[in-house]
Structures are given as C-alpha cells and as structure tokens.
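**Q** Kindly return the folded structure for what I paste below:
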Amino acid sequence: MGRVIHFEIHAAEPERAAAFYERVFGWRFQPLPALDYWLVHTGEGEGISGGMIRRRGPGPRPGQAVNAFVCSIAVADLDATLAIALDGRPEALAVAKTAIPGVGWQAYVHDVEGNIIGLHQADANAA
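**A** Down below sits the predicted model:
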C-alpha cells in the first residue's frame, strides 16, 4: 500500500514561509542552497517531515479552488494554534473550527504564501 512519506511546501518567499511554520508549529528548516530547497523537520515520533521549494509559477489566487493535496497538522489546542496562525490576518481563515463528531476539531487556514493547511485537534468528545 502506498503511504504518504514526504510533503512539499511551495513558496514565493521561502524565508517568510519558514518563519510562519516555525512560529505556528515549531518546525525547523534546513537550507540546501545548491538546490534552492529546504528540508522541513516537523519533530520526533509519529508523522512525516518534508521539504520546501521556491514556487516556480503563480501562487494561489484568493477564492481559488484547491488544486493540490491539503495536509492537516495535529495540534494540541486548535483555538491557540488558530490565534497564532491568524495573528493580524483574519482573512487567512479558510474554514472555521468544525466538530467532527467522535473524532475531533478541524479548521483550515491559508499560510503566508496562500497555501491551505488543515489544523486538527483530536477529541473523542467533539460534537
């Protein structure tokens, strides 16, 4: 069975994107200058790490339909993470916090590059 083992963030301004993901999730970025690429370390334990590449075309337009996979990031406190991710950018909320009964809470935001990311807080009592 094929499993997702790596993800890539496309960014017109990779340094700005790295700062966003470091602030919101605590991720670490390792530049590979010869490749114009960054390795993304998301932490220890279960999950995957990925990379970031400089965007080679136009970025997503506001209101545009999603045209790629959307990754959801596990967070301990969805409300606190939303506050950090949306700090000064209320328009970056793509889908408000929604209960998935018996599973948890989900929301979607735009990162500083216009990419959509999911935020997920596990909670068996969500209703």
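
**Q** Every contact and neighbour count from this point should use C-alpha atoms.
**A** Will do.

**Q** what about the closest residue to T42 other than its chain neighbours, how many neighbours?
**A** Leaving aside its sequence neighbours, T42 sits nearest to W27 (C-alpha to C-alpha, 6 or more residues apart in numbering; 4.9 Å). W27: 16 surrounding residues under other C-alpha atoms under 10 Å.

**Q** Let me know the pLDDT of L93.
**A** Per-residue pLDDT puts L93 at 97.

**Q** Can you tell me what sits against stretch 11-25?
**A** By C-alpha atoms under 8 Å, 6 or more residues apart in numbering, the list of residues contacting stretch 11-25 from outside reads 27-29, 42, 52-56, 59, 81, 84-85, 111-113.

**Q** rerun at 7 Å
**A** For stretch 11-25, the external contacting residues (C-alpha atoms under 7 Å, 6 or more residues apart in numbering) are 27-29, 53-55, 81, 84-85, 112-113.

**Q** Kindly report the same for stretch 92-109.
**A** Contacts of stretch 92-109 (C-alpha under 7 Å, 6+ apart): 86, 110, 116-127.

**Q** starting at the chain centroid, how far to that stretch?
**A** Relative to its parent chain, stretch 92-109 has a centroid offset of 14 Å by C-alpha atoms, centre = their mean, to the nearest Å.

**Q** List the buried residues in that stretch.
**A** Neighbour counts over stretch 92-109 (16 or more other C-alpha atoms under 10 Å) mark 92-93, 97, 99-100, 104-109 as buried.

**Q** got CSV for those, with distance to E13 too?
**A** CSV is the format used below for these (distance: C-alpha to C-alpha, whole Å):
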residue, distance to E13
A92, 17
L93, 20
K97, 28
A99, 33
I100, 34
G104, 33
W105, 30
Q106, 27
A107, 24
Y108, 21
V109, 18
